[in-house]
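J.: here is a sequence with its predicted model. Questions after.
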Amino acid sequence: MLNAKALAAMAVGFGLTFQLTVAAQERPAATTPPMELTALDYIQIQQLVSLYAQYIDTCSNNGYDYADLFAPDGYFAPFLDGRVGGKFQGRERLAEASGGGRLGCKNVGWIKQGVHHMYVNHIIKPSPEGATGTVNMLMIGLGGDPNKIEHDGFYEDTYVKTAQGWRFQSRIHHALRPSQPRTPAPATSAAPATPEPSR
């Protein structure tokens with residue numbers, strides 16, 4: 001027969017076990033740690049963003065250089081009215097987003113005006129899937145004035161490392177400039193005649 005001291009010890013032991021079990025159940029599930037980025041990773045992601053500006057300003061390779069900056073399932077989209085707008089996704093649609101593809105780099109408003117995109121204050125953070133980033137967008141040359149510089153919001157990016165190097169998984173433009181809705185053009189429409197800063 002157990003004496004009082006043994007019973008008390010058992011009760012304390014049971015209580016501690018119960019508390020530890022409850023604490024373990026209440027603890028949030030372990031999260032995947034962010035990828036560890038090297039200095040080269042940071043430089044390559046910065047290069048990706050610089051190439052984006054170069055390719056959208058020139059519609060090089062009929063827009064396919066721009067499209068190839070994205071992962072196969074990656075997309076570009078504007079942020080409109082508090083939500084992500086229509087997505088440009090897939091190589092053909094992304095080429096069209098820069099004025100190329102079936103649009104043939106004709107009548108691309110920002111190119112006709114001589115607009116150049118410039119991205120500044122680029123912040124890159126590791127994530128479990130790769131990296132995320134934000135970068136401010138400046139446009140130079142609006143209305144054909146080579147000295148006019150305007151800030152038009154920022155991009156919210158998700159980057160992934162592929163066999164071809166770092167690519168955009170998503171690029172969302174949070175614009176400041178008022179303009180016409182920036183949803184993907186129907187397949188039968190012509191290229192826009194005015195600059196669309198959401199690119």
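T.: Right, received. Where do you want to start?

J.: okay, CA-based contacts and neighbour counts for the rest of this
T.: OK.

J.: beta partners for the residue nearest to the spatial centre of the chain?
T.: Here the mean C-alpha position of the chain is nearest to the C-alpha of Asp157 (C-alpha atoms, centre = their mean), at a distance of 1.9 Å. In this structure, Asp157 has beta-bridge partners Gly133, Arg171, where bridges are defined by DSSP bridges.

J.: contacting residues around it?
T.: 132-134, 168-172 (C-alpha atoms under 8 Å, 6 or more residues apart in numbering).

J.: now, the most widely separated pair of those?
T.: Farthest pair in the contacts of Asp157 (C-alpha to C-alpha) is Thr134 and Gln169. Separation: 13.5 Å.

J.: quick one, strands of this structure?
T.: For the chain, the strands identified by DSSP state E occupy 70-80, 83-84, 88-89, 116-127, 130-140, 149-162, 165-174, in order along the chain.

J.: and Gly99, which of the ones you listed is closest to it?
T.: strand 88-89 (12.0 Å).

J.: so which elements touch that closest one?
T.: For strand 88-89, the packing partners by 3 or more C-alpha pairs under 8 Å, 6 or more residues apart in numbering; DSSP states H and E come out as strand 70-80.

J.: pairing partners for the strand it packs on, with directions?
T.: For strand 70-80, the paired strands and their directions (DSSP bridges) read strand 83-84 (antiparallel), strand 88-89 (antiparallel), strand 165-174 (parallel).

J.: neighbours around the residue nearest to Tyr42 when sequence neighbours are not counted, how many?
T.: Nearest in space to Tyr42, with sequence neighbours left out and distances taken as C-alpha to C-alpha, 6 or more residues apart in numbering, is Ile124 at 7.3 Å. Using other C-alpha atoms under 10 Å as the criterion, Ile124 is surrounded by 18 other residues.

J.: repeat that for Lys148.
T.: Once other C-alpha under 10 Å is used to define contacts, Lys148 is seen to have 12 neighbours.

J.: low pLDDT regions in this structure?
T.: 1-30, 177-199 (pLDDT under 70).

J.: mean neighbour count and distance to Gly114 added to the strands paired with strand 70-80, as JSON lines?
T.: Conversion of the strands paired with strand 70-80 to JSON lines gives the following (neighbours: other C-alpha atoms under 10 Å; distance: least, C-alpha to C-alpha, whole Å):
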{"stretch": "strand 83-84", "mean neighbour count": "12", "distance to Gly114": "28"}
{"stretch": "strand 88-89", "mean neighbour count": "22", "distance to Gly114": "24"}
{"stretch": "strand 165-174", "mean neighbour count": "22", "distance to Gly114": "21"}
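
J.: any chance of TSV for these, columns distance to Ala77?
T.: TSV is the format used below for the strands paired with strand 70-80 (distance: least, C-alpha to C-alpha, whole Å):
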stretch	distance to Ala77
strand 83-84	6
strand 88-89	6
strand 165-174	5
